[in-house]
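Engineer: Pasting a predicted model and its sequence here:
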Amino acid sequence: MADISALYIVVLAGGISHERDISLRSGRRVADGLNSLGHQVTFRDPDASLLAFLSEKRPDVIWPALHGASGEDGALRALLELTGIPFVGSRTDAARLAWSKPTAKTLVARAGVATPASVTLPKETFRELGANSVLAAVLDGLGLPLVVKPAQGGSAQGVTIVTTADELPRAMVDAYTYADVALIERKVDGVEVSVAVIDTGDGPEALPAVEIEPVEGAYTFNARYNAGETRFYVPARLDDEIAARVAAAATTAHSALGLRHLSRIDLIIDAEGLPWFLEANVLPGLTETSIMPQAISASGRDLGDVYAALARAAIGEALAEAGAE
């Protein structure tokens, strides 16, 4: 293995998901940060030659920056585990749990964190029970307003805020464009925050919460990745007590899902100061407008230093596991 101060790191970015372009932007930022510290970095788009490449080159560590199904549903991570090469981020089982928003909500709720009332609806349910009767039951049981989203996926793709009954059918169609299962949640009004959680070997740490205020409407895909469409407050405008509650909720969610190294936990803080868990992101966006880099900078850390520390943590865990066998 190379000297720990000068690692050979393969950054994986791109893939074939709906979030390919965002992944490429994230990957380039990670690669730039690692290069700035003198590490040898190879930037790779996963393709048919990837596994043979990894087998031949045997990098010290792999740094996946893959968003969407290609990087977050656990499949690629399972193959990376088979290579025996350390990699940054959550393992396969944890990634699968967090990738399913309904599953993540259940596990985090069991750990004591509030999450909005919801119902999970596969497409087949509409065919079997009839769309009109199903949506009527949803409205009767959850009321309005609602948030409809794909049960898997990120970057707010396919997400709709529903304020009238007439908007619900279209919202379901939009969600089903991105997944065969939709999650319908009762909308909680309040302050929207995201909390980046990192663990470089000393346990999960919540970085300063980032408050999200879209200039117009909701925090959509465009608002996330186009500069000037969202106001971010870093740290969030919270008093110390509520900030501590938010940090505790985020680290609890991270641990309840078995996540590793880094995650982003999305929450809504209601008028009483209670944080409500919305979802966990196994590989948060790392672009120039993304929340995690803002939180890292707000904590006083250098981005490259953190990305390298996560790589070293992955190597250290792999060595410890090998020694225990």
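Structural biologist: Yep, it's here. Numbering: from 1, shown residues only.

Engineer: Ala13 against Leu24, yeah?
Structural biologist: Yes - counting by C-beta atoms under 8 Å, Ala13 touches Leu24, with 5.2 Å between them. For every residue, glycine as well, the C-beta is placed using N, CA and C.

Engineer: Between those two, point out the one with more neighbours.
Structural biologist: Just comparing Ala13 and Leu24: by other C-beta atoms under 10 Å the higher neighbour count belongs to Ala13, 26 against 19.

Engineer: backbone phi and psi for that one, please?
Structural biologist: In terms of degrees, to the nearest 10, the main-chain angles of Ala13 are phi -150, psi 160.

Engineer: now the strands for the stretch 1-150 of the chain?
Structural biologist: If DSSP state E, counting those that start in this stretch is used as the criterion, the strands of the stretch 1-150 of the chain fall at 8-12, 40-44, 61-64, 118-122, 146-150.

Engineer: can you list contacts of the second one?
Structural biologist: Counting contacts by C-beta atoms under 8 Å, 6 or more residues apart in numbering, the residues outside strand 40-44 that touch it are 6-13, 27-28, 31, 34-35, 50, 53, 57, 59.

Engineer: quick revisit: quick check: neighbours shared by Ala13 and Leu24?
Structural biologist: With contacts taken as C-beta under 8 Å, 6+ apart, the residues that reach both Ala13 and Leu24 are Asp45.

Engineer: How many neighbouring residues does Leu319 have?
Structural biologist: As a burial measure, Leu319 scores 12 neighbours (other C-beta under 10 Å).

Engineer: Specify the local secondary structure of it.
Structural biologist: helix (DSSP: H, G, I helix; E, B strand; the rest coil).

Engineer: how near is it to Gly84?
Structural biologist: For Leu319, the distance to Gly84 (C-beta to C-beta, to the nearest Å) stands at 12 Å.

Engineer: what's the nearest residue to the most centrally placed residue in the chain if we skip its chain neighbours?
Structural biologist: In the chain, the centroid-proximal residue (C-alpha atoms, centre = their mean) is Asn281; its distance is 1.4 Å. Distance criterion C-beta to C-beta, 6 or more residues apart in numbering; nearest residue to Asn281, sequence neighbours excluded, is Arg264 at 4.2 Å.

Engineer: From Ala247, how far off is the one you found?
Structural biologist: Computed with C-beta to C-beta, the distance linking Arg264 and Ala247 is 13 Å.

Engineer: before we move on, what about Asp60?
Structural biologist: According to C-beta to C-beta, Asp60 and Ala247 sit 32 Å apart.

Engineer: cool, Lys149 as well?
Structural biologist: Separation of Lys149 from Ala247 (C-beta to C-beta): 25 Å.

Engineer: Check Leu259 too.
Structural biologist: For Leu259 relative to Ala247 (C-beta to C-beta), the value is 15 Å.

Engineer: Please say which of the two ends up with more neighbours.
Structural biologist: Comparing Leu259 with Ala247 by other C-beta under 10 Å, the one with more neighbours is Leu259, at 26 against 20.
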